[in-house]
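Novice: Just to be clear, the model below is a prediction. Sequence and coordinates:
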Amino acid sequence: MMEGTDDDIGGGPSSFEQQSSNLKRAIQYWLDKSTIHVYPRWAGFVAVLGIFFLRIYMVQGYFIVAYGLGIFLLNNFIAFLSPLEDPQEDTPGLPTTNKEAKEFRPFSRKLPEFKFWLACTRGVLTCIVMTFFSVFDVPVFWPILLMYFFILFFMTMKRQITHMFKHRYVPISFGKTKYKDAGIENGVYGGGAGSKSR
């Protein structure tokens with residue numbers, strides 16, 4: 001007869017798998033908590049991006065990593081500005097006539113703001129880690145890369161802006177309408193149903 005159980009042989013999760021699962025859960029918890037804090041998240045992204053550029057300046061290398069990061073951020077920015085449904089397709093999408101325009105359709109992005117921030121932050125953190133490995137320090141003449149990036153940026157943005165004008169959509173909203181008594185509880189039970197307290 002066998003004295004061990006199935007769990008001893010390997011049926012249960014290992015300590016590493018359990019720690020990994022707990023770490024993923026903790027990271028997801030804090031990401032979920034940060035969704036409503038837009039300005040602090042983007043301030044953190046700018047700080048991490050500043051650390052990356054400071055690292056590039058201090059070591060005077062890894063310009064190809066910085067160029068790759070720039071292309072990655074540009075690609076994410078274009079996806080952030082693009083509508084979810086392409087107006088050039090035959091499927092119903094953004095209104096093209098006055099009759100269609102009377103129905104309100106909010107702008108839905110191909111890449112939502114939170115996923116945009118998360119992808120950009122992960123990209124910058126990955127590039128910071130890459131600057132600690134000499135295999136990624138490919139010698140290049142950085143002014144040519146910088147010039148090529150700016151040409152690519154202006155051509156891509158010109159195409160995106162003409163697409164926005166052609167299909168009449170604005171991808172940037174300046175927030176929701178603020179109401180005078182928003183967040184003030186006036187009712188008997190704390191609601192805003194207009195009930196007066198006795």
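Specialist: Arrived safely, thanks for sending.

Novice: Residue 123 touches residue 69, doesn't it?
Specialist: Yes: with contact defined as CB atoms under 8 Å, residue 123 counts as touching residue 69 (6.0 Å). Backbone N, C-alpha and C define where each C-beta goes, glycine included.

Novice: Look at the two and report which has more neighbours.
Specialist: More crowded of residue 123 and residue 69, by other CB atoms under 10 Å: residue 69, with 22 against 19.

Novice: could you measure that one against residue 80, distance?
Specialist: 16 Å (CB to CB, to the nearest Å).

Novice: where does the protein have low pLDDT?
Specialist: For the chain, applying pLDDT under 70 flags the ranges 1-12, 86-107, 173-198.

Novice: where do the helices sit along it?
Specialist: In the chain, the helices defined using DSSP state H lie at 6, 15-34, 38-59, 63-81, 98-101, 113-130, 142-167.

Novice: got the ones you listed as JSON lines, with distance to residue 136 columns?
Specialist: Output for the helices of the chain, formatted as JSON lines (distance: least, CB to CB, whole Å):
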{"stretch": "helix 6", "distance to residue 136": "46"}
{"stretch": "helix 15-34", "distance to residue 136": "25"}
{"stretch": "helix 38-59", "distance to residue 136": "11"}
{"stretch": "helix 63-81", "distance to residue 136": "5"}
{"stretch": "helix 98-101", "distance to residue 136": "50"}
{"stretch": "helix 113-130", "distance to residue 136": "5"}
{"stretch": "helix 142-167", "distance to residue 136": "14"}
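
Novice: Got phi/psi on residue 62?
Specialist: Torsion angles at residue 62 (phi, psi; degrees, to the nearest 10) stand at phi 60, psi 40.

Novice: how many other residues sit next to the residue nearest to it when sequence neighbours are not counted?
Specialist: The spatial neighbour of residue 62 that comes closest, neighbours along the chain excluded (CB to CB, 6 or more residues apart in numbering), is residue 131 at 4.8 Å. When neighbours are defined as other CB under 10 Å, residue 131 has 18 of them.

Novice: same question, residue 55
Specialist: Residue 55 has 17 nearby residues by other CB under 10 Å.

Novice: which residues touch it?
Specialist: Shown in contact with residue 55 (CB atoms under 8 Å, 6 or more residues apart in numbering): 62, 128, 131.

Novice: same thing but at 6 Å, please
Specialist: Counting by CB atoms under 6 Å, 6 or more residues apart in numbering, residue 55 makes contact with residue 131.

Novice: From residue 43, how far out is it?
Specialist: Taking CB to CB, one finds residue 55 at 19 Å from residue 43.

Novice: again, but for residue 58
Specialist: Taking CB to CB, one finds residue 58 at 22 Å from residue 43.

Novice: Same check on residue 32?
Specialist: Distance from residue 32 to residue 43, counting by CB to CB: 19 Å.
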